[in-house]
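Peer 1: Provide a 3D model corresponding to the input given below.
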Amino acid sequence: MSSQQATLAQKDRKAFQDLLSCYELKQLTKGRKVADQLLKKYPDHGETMCMKGLILVHLGQREEGIKLIREGMRKDLTSHICWHVWALVQKGEHKYEEALKSYMQALRFDKDNFNIVRETSVLQTQTRAYESLVESRLHMLRLRPSFRAHWVGLAVAYQLSGNLVEAKRVLEHFQGLLRECPVNDAEYSEFLLFHVHVLEDLGHLQDALAFLDKKSKDRYIVDRTATHTFRARILSKLMNTNKESPQVAEWSTRAESEWRALLDLNPECSDYYQAVLANQGIDLGDLDEDSCTKALALLSEFSVHFPKAYAPRQLALTVAQGDRFRGLAKPYIEVALSKGIPSLFSNVKKLYADPVKCQVIEEIVEDIPSQSEPAKYLWTLYFLAQHYSFLGRHRRALEILNLAVEHTPTLPELYMTKAKVLKRAGDPYGAVRSMDEARKLDGQDRFINTKSGKYRLRAGMIDEAEEIFGLFTRKGAATPGADLTEMQALHYLVEVGDAYRRIGKLNLALKKYYTIQKVFEAFREDQYDFHQYSIRKTILLPYFDMLKWEDEVQSHPVYVHAVVSATRVGLPLCENHRHCSLTRRTETTDASKKALSKAKKAAHKGNDPSQESQDAANKKVSNQSEDKGLDAPIPKDEDPDGVKMVLADDALERAAKFLATLKESGKRNIDACLANFDVAMRRKKYLQAARALTHAHAMDAQHPQLHLRVVQFGKTVSSVSDSITAPVKSVLHETLIALKPEEISLDVFTSQYLQSHSTSPSAILACAEACEFLGNPTEDVESLLFTVLKDDIRLSVEDALHILSYLQRVKSTRAEEFRIACDNKFELSTVFKSSEEQTALRRQCLLEEKEDCDDVENL
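Peer 2: Residues are numbered from 1 along each chain as shown. So this is what the prediction gives:
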C-alpha cells in the first residue's frame with residue numbers, strides 16, 4: 001500500500017475500491033464522479049488521479065487524461081496502480097517495449113498481482129523476451145497452479161526460450177497430476193500433439209513415437225492428419241538416423257504406410273510423393289538411371305491409384321528424360337487440352353528450365369492437327385500463344401491468338417493472354433485495350449476487372465484504374481483507393497506506388513510505399529490478442545507457426561520491394577531537391593470530386609448555429625458515456641500527398657530506418673543489400689556500406705549492380721582515406737581486397753568484367769555507369785551503351801528502357817538516337833514512341849473508355 005493510499009480515511013478507501021470496480025465494469029461516468037469526489041478531498045492522491053486520467057482516456061479525452069496520469073505518477077512513484085495505468089496507456093499506443101518496462105515497475109511494488117503478471121507475460125511474448133517470459137509464466141503457475149492454461153503456458157515459454165528439457169518435464173508433470181483424461185477432446189488432443197512435438201525436437205524419437213501410438217490408440221488424439229504426419233516424419237527420421245538398427249526395415253515399412261495414408265487424404269500434395277520416394281532411397285535432386293526408373297515406376301503406380309490426381313503425373317514429368325518424357329508428356333498434354341484446362345501452361349511452365357523438354361512440348365502441341373475437335377483446337381491455340389510469348393516470340397503468339405479469336409471470339413482468356421503478350425512486347429496501351437475487351441465479356445468477374453485495373457496502372461492510367469476498382473469496392477468509401485488501402489490490399493498498393501514512380505509523381509509513390517510499411521506494422525500488432533487466446537484454447541502448433549511467420553513477415557517480397565523502391569525514389573531527392581520530378585498535388589479523380597462535393601454540402605449545412613450547438617451537445621454526451629477504448633486514435637494525415645515527406649531534411653535517416661526494418665531478411669536479398677550500401681555511402685557510414693557489399697557478394701558475386709557498387713566503393717575509399725581512422729581504413733581495405741584483386745585498377749577491373757559479360761545488357765549498363773563514375777569521356781560511355789543494339793546481344797524491352805532512362809538522366813545528346821533505334825528494333829512496342837505519340841495513344845485509350853462508360857455504369 002502506497003503512502004498516499006494510507007492517508008485515505010476508511011470510508012474513502014472504500015470509495016477508491018468502488019472507483020476500481022466502476023472501471024472494471026466499464027461504468028465510466030459513475031467512476032469519473034467517484035474520482036472527482038475523492039480528488040476534492042485529496043487533490044494530491046496519485047492513484048485517484050491516474051484512475052481518473054485512465055477513465056478520461058476511455059471517454060475520448062486522451063490528452064487531458066494522459067496529462068492527469070503523468071501528474072498522478074509524479075505524486076506516487078511507488079504505487080503499482082499508477083504504473084499499471086501508465087502501462088495500459090502505453091500498450092494502447094502500441095509502445096510495447098515501454099509498456100513492458102512500466103509493468104515491470106508495477107511488479108516491483110506488487111509482485112503477486114496476478115493481472116499484472118499475466119499482462120506482463122503477454123507483452124514479453126509480443127516483444128520476444130522469452131527468457132523473462134519463463135519467469136513470468138512460472139510465477140503465474142505458482143499463484144494459480146490448478147489451471148491447465150498456466151501449465152501449458154509455462155511449457156510454451158520453455159519451448160520458445162529453447163529449453164526443451166524443462167518443457168518436457170512440465171508437460172509430463174502436468175499429465176501426472178490429471179486424474180481423468182478426456183477422450184476425443186480437441187483441446188487435450190492439441191496438448192498431446194504439442195508434447196509429441198517437444199519430444200521430436202529433443203531428438204527422443206522413439207519416445208515420441210511410443211507416446212503418439214499410445215495416445216492415438218486410446219483416442220486421446222483426434223486429429224487424424226496430424227497423427228499420420230507426426231508418425232510418418234518421426235519414422236523417417238528414425239530410419240535415417242539409425243541406419244544400423246535392426247528395426248530399420250520395420251520403420252521403413254511403417255513410414256511408407258503412413259505417407260500413403262496421407263496421400264489417401266490429400267493426393268495432390270507433392271511433398272507426400274517426394275517423402276514416399278525418399279523412403280525408398282530416391283533423392284529427386286540426385287537421380288541416376290536406376291533411381292529414375294524406380295521413381296517413374298512408383299509415380300506410375302500412384303497415377304493409377306489416384307486417377308484424378310495431377311500431382312504424380314506432374315512429378316513424373318519433372319523426373320523423366322528423353323523418350324520417356326515424351327511418352328509421358330504427350331498423353332498428359334493432350335488429355336488436358338481435350339478437357340479444356342486453362343491452367344495447363346502454368347502447370348508445365350516449370351519444365352521450360354530444361355531446353356530439351358521445352359522443345360519436346362512445343363513439338364507435341366504443334367503436331368496436334370487443326371482438324372481436331374473444335375474445343376481441343378481452341379485450347380491448343382491458347383496454349384501455343386502462351387508458349388511462344390513465354391519464349392519471347394511475341395509476334396508469333398499474337399498471330400496464334402488472332403486465329404483463336406476468329407475461332408471463338410467470346411472467350412475472355414484469349415483477350416487476357418493477348419494483353420499479357422502485348423505487355424511483354426512493350427505495348428502497355430494495347431494491353432489495356434485487350435484486357436478491357438476481356439472485361440466486357442464478363443463484367444461481373446472480379447478477377448478480370450482487377451487485372452484490367454492493374455494493366456491501367458501499368459500504363460500510367462491511375463484515375464481510370466480506380467474507376468474499375470470502384471466497381472467492387474465499398475460504395476461509401478471516399479475513393480476506391482482509400483477502401484483498398486483500408487482493406488490492406490498489398491497488390492494494389494505496390495502497383496499504384498510503382499505507377500506513380502514511373503510517371504514521375506515521386507511524392508505519391510513514396511506515400512504508397514510507406515503505407516505498405518504501416519500495413520506490415522498492423523500485421524505485427526494483430527498477433528497481440530492471440531498470445532493469451534492460443535494458450536487458453538490450447539491451439540499450440542498453429543500458434544508456433546504464427547509466431548514463426550510473424551518473425552519472418554518482413555521478408556515478404558512485397559515489403560522488400562516497398563523498402564527498396566522507397567530508397568531508390570528517395571535517394572535522388574536527398575541529393576538535390578531541385579532536380580526531383582515532384583508533383584504539387586495529385587490529380588483529383590471523379591470519385592474524389594464527388595466526395596469533395598458532398599463534404600462541401602455537409603459543411604454548408606453545418607454552418608447553422610443551432611445545428612452546431614446541437615452537435616457540440618451530442619458530442620459532449622457521447623464523450624461522457626461512450627467507451628472509446630485505450631487504443632490511440634488514428635492521427636489525421638497532415639501530408640496526404642507526400643509533399644512534406646519528399647521535402648523533409650531527414651530523408652536519409654528515414655530511408656535508413658526503413659531499411660533497418662528488414663533485419664536479417666535484408667541480408668538475404670541482394671537488392672536490399674545494394675540499397676543499404678547506397679544509403680550508408682551517402683550517410684558516410686563506410687563500415688555499414690562494406691558490410692552490405694560483403695553480403696551482396698556472398699549471394700551473387702557477378703551481379704552487374706554489385707560491380708558498379710564495388711567501383712564506387714573503391715574510388716570513395718581511396719578519396720576519404722585521410723579523413724578516417726586507421727582501424728576503419730584497415731577494415732575497408734580488407735573488404736575491397738575481398739571484392740576485387742588488389743593489384744588491378746578500377747578501370748581494368750571494369751574492363752575485365754565487361755569482357756566476361758559482353759552479351760549482357762544489364763552488365764553493359766553497369767559498366768557504362770562505372771565508367772561515367774570513374775570520369776571516362778561521355779562519348780566512350782555512350783558508345784558502350786549503343787553496343788547493346790548489336791544482333792548478337794539479346795536486348796529486352798525492360799533492359800532497353802533502363803538504358804534509355806540512364807541516358808536521359810545524364811542528359812546525353814544521344815538519348816533521342818537510342819530511343820529511335822529501340823523503336824525500330826522493337827516493332828510491337830510503343831514505350832519507345834515520342835512523347836507526342838504516347839500522348840496520342842493514351843488519348844485514344846481514354847476515348848475508347850469514354851465510349852464504353854455507359855456499359856460500365858450498367859454493370
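
Peer 1: Secondary structure element holding the closest residue to Tyr415 other than its chain neighbours?
Peer 2: With sequence-adjacent residues excluded and distances taken as CB to CB, 6 or more residues apart in numbering, Tyr415 is closest to Ala438, at 3.6 Å. Using the backbone N, CA and C atoms, a C-beta is placed for each residue, glycine as well. According to DSSP states H and E, Ala438 maps onto helix 428-441.

Peer 1: hang on, the earlier thing: go ahead and confirm the residue nearest to Tyr415 touches Asn449.
Peer 2: No: under the criterion of CB atoms under 8 Å, Ala438 makes no contact with Asn449, lying 9.7 Å away.

Peer 1: about what we covered before: ok, now which ones touch the residue nearest to Tyr415?
Peer 2: By CB atoms under 8 Å, 6 or more residues apart in numbering, the contact set of Ala438 is Pro412, Glu413, Leu414, Tyr415, Met416, Ala419, Ile448, Lys451, Ser452.

Peer 1: if you set the cut-off to 6 Å instead, what comes out?
Peer 2: By CB atoms under 6 Å, 6 or more residues apart in numbering, the residues touching Ala438 are Pro412, Tyr415, Met416, Ile448.

Peer 1: what's the burial count for the third one?
Peer 2: The burial metric for Met416, expressed as a neighbour count using other CB atoms under 10 Å, is 23.

Peer 1: Likewise for the one 10 residues further on?
Peer 2: For Gly426, the number of neighbouring residues by other CB under 10 Å comes to 24.

Peer 1: got it, and Gln175?
Peer 2: Gln175 has 15 neighbours, counted by other CB under 10 Å.

Peer 1: How confident was the prediction at it?
Peer 2: Here, the pLDDT recorded for Gln175 equals 91.

Peer 1: distance of it from Cys181?
Peer 2: Look at Gln175 and Cys181: by CB to CB, to the nearest Å, they are 8 Å apart.

Peer 1: now swap in Val152 and tell me
Peer 2: Taking CB to CB, one finds Val152 at 15 Å from Cys181.

Peer 1: Counting neighbours, go ahead and name the busier of the two.
Peer 2: Val152 (25 against 12).

Peer 1: tell me which element the more buried one falls in.
Peer 2: Val152 belongs to helix 148-161 when assigned by DSSP H and E.

Peer 1: mind listing what's buried in the following helix or strand past that helix?
Peer 2: Following helix 148-161 in sequence order, the next helix or strand is helix 164-177 (DSSP H and E). Residues of helix 164-177 classed as buried by neighbour count (16 or more other CB atoms under 10 Å): Leu164, Glu166, Ala167, Lys168, Val170, Leu171, Phe174.

Peer 1: which one among those residues gets closest to Tyr753?
Peer 2: Nearest to Tyr753, judged by CB to CB, of the buried residues of helix 164-177 is Leu164 at 49.4 Å.

Peer 1: hang on, isn't the closest one packed against Leu202?
Peer 2: Yes: contact criterion CB atoms under 6 Å: Leu164 and Leu202 qualify, at 4.8 Å.

Peer 1: Need the overlap of contacts for the two.
Peer 2: Common contact partners of Leu164 and Leu202 (CB under 6 Å, 6+ apart): none.

Peer 1: State the pair within the contacts of Ala438 that is farthest apart.
Peer 2: Distances among those were taken as CB to CB; the most separated pair is Tyr415 and Ile448, at 9.1 Å.

Peer 1: Where is the longest helix in the chain?
Peer 2: Taking DSSP state H as the criterion, the chain has its longest helix at helix 506-526.

Peer 1: which other residues reach that helix?
Peer 2: Applying CB under 6 Å, 6+ apart, the contact partners of helix 506-526 are 94, 488, 493, 496-497, 500-501, 553, 559, 562, 565-566, 569, 580-582, 586, 641-643, 645-646.

Peer 1: Ok, stretch 128-145 next?
Peer 2: With CB under 6 Å, 6+ apart as the test, stretch 128-145 has contacts from Phe114, Val117, Thr120, Ser121, Gln124, Thr125, His150, Gly153, Leu154, Ala157, Leu160, Ser161.

Peer 1: what's the answer for stretch 752-762, then?
Peer 2: For stretch 752-762, the surrounding residues in contact (CB under 6 Å, 6+ apart) are Pro704, His707, Ala763, Cys767, Val788, Ile793, Leu795, Asp799.

Peer 1: hmm, which two among those residues are most spread apart?
Peer 2: The distance between the two most remote of the contacts of stretch 752-762 (CB to CB) is 19.1 Å, for His707 and Leu795.

Peer 1: Now the residue nearest to the spatial centre of the chain. Nearest residue, chain neighbours left out?
Peer 2: Taking CA atoms, centre = their mean, the centroid of the chain lies closest to His556, which sits 3.2 Å from it. Nearest residue to His556, sequence neighbours excluded (CB to CB, 6+ apart): Phe520, at 7.4 Å.

Peer 1: Noted, bye for now.
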